[in-house]
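Asks: Sequence below, structure please.
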Amino acid sequence: MEKYLYLAINLLTISVPLIRSFEPRINYAKKWKALFPALILTGAVFIIWDHFFTEIGVWGFNSTYLVDLFVFSLPIEEWMFFFTVPFACIFIYEVLNYFVPKDYFKNFSQPLTLVLIAAFLMIGLWNLDKWYTSLNFLFAAMVLGAHLAFFGNKHLGRFYMAYLIHLIPFLIVNSILTGTWIENPIVWYNNAENLSIRLGTIPVEDIVYSMSLLLMNISLYEMFLKKVDHPVITEKLYVKS
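Replies: Numbering: from 1, shown residues only. As a prediction, the model looks like this:
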């Protein structure tokens, strides 16, 4: 049964958010028209990244915990990860929007973002000899900067609240993936390509990786949600012959 572990983690991750998607207060299911394009576009970027890093040995996967179905050198469970995890995280975002209407981070979300961009740029540029560290921090700076450029301060406060709350399930799930409580890690990392700083078994870079994954999804989700809620009405002119 070990070979189903990564698959089981994916299914458990999405189970509660999927079941609760039809709960009338949150109405998550009614927002899937905006959600799925965001998941697909963000997932495409991260899958390309994932494939490249797998090919050059930055990280890899333990076949003991996989069903041995691969697409472009990535196990099917890894493809699922970029759907199940963001699906669950944006559910957390929506739940917080409903039950915690006050944006507690609004007043300092923009200066915090500027500080993070500067810090991530410095860390990324200082570690260009480490693939995961450099690309991860530089990409996070780019995602934060792109959000500021296109949305300004909008949604940032809500994002930071969701990000902090999501760290609780993230640390549990990622601990299992990286080898806590099991004999070997499901996902292994080449320490020559990262800072070799771990939170338990989790590389510190994963915390920033998750921030980029969540913010890119939320930014696109909010953009598509606005289009779904306020579609552009076009008029058709019919000319009689």
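Asks: Every contact and neighbour count from this point should use C-alpha atoms.
Replies: Will do.
Asks: Residue 59 and residue 142, how far apart?
Replies: Distance, residue 59 to residue 142, using CA to CA, to the nearest Å: 23 Å.
Asks: what does residue 127 give?
Replies: 16 Å.
Asks: ditto for residue 28
Replies: As judged by CA to CA, residue 28 and residue 142 stand 29 Å apart.
Asks: So for those two, which sits in the more crowded spot?
Replies: Applying other CA atoms under 10 Å to residue 28 and residue 142 shows that residue 28 carries more neighbours, namely 19 against 16.
Asks: Name the nearest residue to the more buried one, ignoring sequence neighbours.
Replies: If the residues on either side of it in the chain are set aside, residue 28 comes closest to residue 21, at 4.7 Å by CA to CA, 6 or more residues apart in numbering.
Asks: Residue 84 too?
Replies: Setting aside the residues directly before and after it, residue 84 is nearest to residue 14 in space (CA to CA, 6+ apart), at 5.2 Å.
Asks: Just after the host helix or strand of the one you found, pick out the following helix or strand.
Replies: Element membership for residue 14, per DSSP states H and E: helix 5-19. Next along the chain after helix 5-19, taking DSSP H and E as the criterion, comes helix 32-55.
Asks: show me the contacts for the residue nearest to residue 84.
Replies: Shown in contact with residue 14 (CA atoms under 8 Å, 6 or more residues apart in numbering): 84, 85, 87, 88.
Asks: Can you tell me which of those lies closest to residue 152?
Replies: residue 87 (24.1 Å; CA to CA).
Asks: what about the closest one, neighbour count?
Replies: Using other CA under 10 Å, residue 87 has 23 other residues around it.
Asks: Against residue 20, how distant is it?
Replies: Applying CA to CA to residue 87 and residue 20 gives a distance of 12 Å.
Asks: for residue 30, same thing?
Replies: From residue 30 to residue 20 the distance is 12 Å (CA to CA).
Asks: Kindly report the same for residue 29.
Replies: 9 Å.
Asks: now residue 45
Replies: Noted for residue 45: a distance of 28 Å to residue 20, by CA to CA.
Asks: gap between stretch 180-190 and the chain center?
Replies: Offset of stretch 180-190 from its chain centre (CA atoms, centre = their mean, to the nearest Å): 20 Å.
Asks: what do you get for stretch 175-184?
Replies: That offset, for stretch 175-184, works out to 20 Å (CA atoms, centre = their mean).
Asks: Grab the CA positions of it and hand them over as CSV.
Replies: The C-alpha coordinates for stretch 175-184 follow below in CSV (Å, rounded to 0.1, in the frame of the first residue of the first chain):
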residue,chain,number,x,y,z
SER,A,175,6.6,17.1,6.3
ILE,A,176,5.3,13.8,5.0
LEU,A,177,6.4,14.5,1.5
THR,A,178,9.9,15.2,2.7
GLY,A,179,10.3,12.2,4.9
THR,A,180,8.8,12.9,8.4
TRP,A,181,7.1,9.9,9.9
ILE,A,182,8.0,7.7,7.0
GLU,A,183,11.2,5.7,6.2
ASN,A,184,12.2,7.7,3.2
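Asks: Pull the residues that contact stretch 75-82.
Replies: Applying CA under 8 Å, 6+ apart, the contact partners of stretch 75-82 are 6-7, 10, 39, 43, 46-47, 61, 66-70.
Asks: re earlier: show me which of residue 45 and residue 20 is the more surrounded one.
Replies: More neighbours surround residue 20 than the other of residue 45 and residue 20, with 15 against 12 (other CA under 10 Å).
Asks: And the more buried one, what's its pLDDT?
Replies: On pLDDT, residue 20 comes in at 96.
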